[in-house]
Each structure stands twice: as C-alpha cells, then as structure tokens.
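**Q** dropping a prediction and its sequence here:
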Amino acid sequence: MCTVSIFPTGNNDFILTSNRDEAPSRISLPPQFYNFEGKQLLYPKDELSDGTWVGISENSRLICLLNGGVKIHKRKKYYRKSRGLVVKELLAMPHVVNVFNDYNFDDIEPFTLVIADWRDDLKLYEFIWDGFEKYFNNLPLQPKIWSSSTLYNDVMKTEREDWFNIYKAHVQLDAESALDFHKTAGKGNLDYGVIMDRGIVKTTSITQVVKQNNVLEMRYENVRNNLVTKETFNFPEIVND
C-alpha cells in the first residue's frame, strides 16, 4: 500500500511487490477469491473498509494502491468512499483505461494506482488523483518503485529510489530478490526503511504478485507473525470483449 515496486520479466510477465504501512490495529485478511459485480477477483481484504490495496481481476488486470497523490495532502474528516473500494470497482470494469475520464473521484481521498494490464500485450500505467486533478501516465516496461506521499517526503522518496537502483544493479531481479529488497532495504531505519515502524503506523504485510504466462501467484506475508498465504489465479485464455 505504501511501498510498491514492479518490474517486467519478459514475455508479458512481471513481478509486483507491495509493503502495506498501516495502523497495527487495522485488520487485513489474507487473499481470497471474491465475486464482485460479476467478475472473479483475488485480493487481500481490509476488514474495516471491505476494500483492498492490491488485487487481480479476471479482466487480465492487476491494480495496486498507494495512499496519497504527488504531495502530502491535508485530510478531511469525511470522504464518501474508501479508496480500497475504488480499486475493486476498477478491477471489475471491462476496460479500465477508458474509465478515468468518466469516473467520479470527487470527495475521495488522494491516491496513486499502479496498473498492469495484459489483455493483449503487457501495459503498465500510473494513475494519480490528488483531490483536484487526475493524472494518467503510460509507463515504460522498466523497473520502478513508488513510496506513498502520505508517509514519505521527497528526500525520503529519493533515498529509497537510490536503494532500489543500487540493489537492482547488483542482483538479478526475481521474486526472491524483490522480496529481499522489500524486507531489508534501509534496515534499521525505522522512520523510512522499507520495513518501517513509527509506532502508530508500521509495515503490517507484504504482498507479491508473480505473473508467469497465464498463471499469477499472489503471496501474502503477515509481518507480525510471519505467516505466509499463497493463492494462484489461472487464466486459461484471454477473451477480448
């Protein structure tokens, strides 16, 4: 939710890893399959909002959420809809790229979405809602890391990007090494290490999605008790609407 990396691995495949930084008291449930608006989705659930921060859809799509837009924002007392519910709705929609102009984001707290779509060839997108404006970017098929604007300022973000660039220059990026980065980068720096702990907010889970051909494996690790849950989403064929 608050630190996300993604990198393509060739042949329309990719690996995405997401660290969720949240209040320790906020309960999240391991990934399960759900039917939402007639579509099969796989995601870990935020129990409070009934939403999610990362999910896979039978629409050949993955969406991962980070809190905040480009800069930190002043929170309002009330928002009409959880950002995690937006993720579920966008996962269920047939063609997500066409939705952003028409979707009503008013009175939804700012957020950033990392989107992978492989209905045809793999495409990566970034969508940002800053509370006033929408920003939609096509991304190159290259490794990239994001840090939530609600927790990390520009200096912190830059240092974390440096950690990522140094790491990927010295190791073969794969699922194991990506997990290692998300567990060890900035180790001991409780303020903005990739595993962080500021007391009232800390890294509570790590979710990783590995796509190989038409099979996606979602690995969810509860950082508190080190319990690991794995689910597999099989795509026997891609059907164009």
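**A** Arrived safely, thanks for sending.
**Q** check contacts around the residue most central in space within the chain.
**A** Nearest to the geometric centre of the chain sits Cys64, at 2.5 Å (CA atoms, centre = their mean). Residues in contact with Cys64 (CB atoms under 8 Å, 6 or more residues apart in numbering) are 4, 6, 16, 18, 53-54, 113-115. Any C-beta I mention is one placed from the backbone N, CA and C, and that applies to glycine too.
**Q** can I assume Leu141 sits in a helix?
**A** No: counting by DSSP: H, G, I helix; E, B strand; the rest coil, Leu141 is not part of a helix but coil.
**Q** number of nearby residues for it?
**A** Applying other CB atoms under 10 Å, we find 16 residues neighbouring Leu141.
**Q** same check on Gly199?
**A** 8.
**Q** numbering from 17 from now on, please.
**A** From this message on, residue numbering opens at 17, which makes the last subject Gly215.
**Q** so it, which of the three states?
**A** Gly215 ends up coil, using three-state DSSP.
**Q** for Thr245, give me phi and psi.
**A** phi -120, psi 140 (degrees, to the nearest 10).
**Q** ok, the residue nearest to it when sequence neighbours are not counted - contacts?
**A** Nearest residue to Thr245, sequence neighbours excluded (CB to CB, 6 or more residues apart in numbering): Pro46, at 3.8 Å. Contact analysis of Pro46 by CB under 8 Å, 6+ apart lists 60, 236, 238, 243, 245.
**Q** between those residues, which is closest to Lys150?
**A** The nearest member of the contacts of Pro46 to Lys150, counting by CB to CB, is Pro60 at 26.2 Å.
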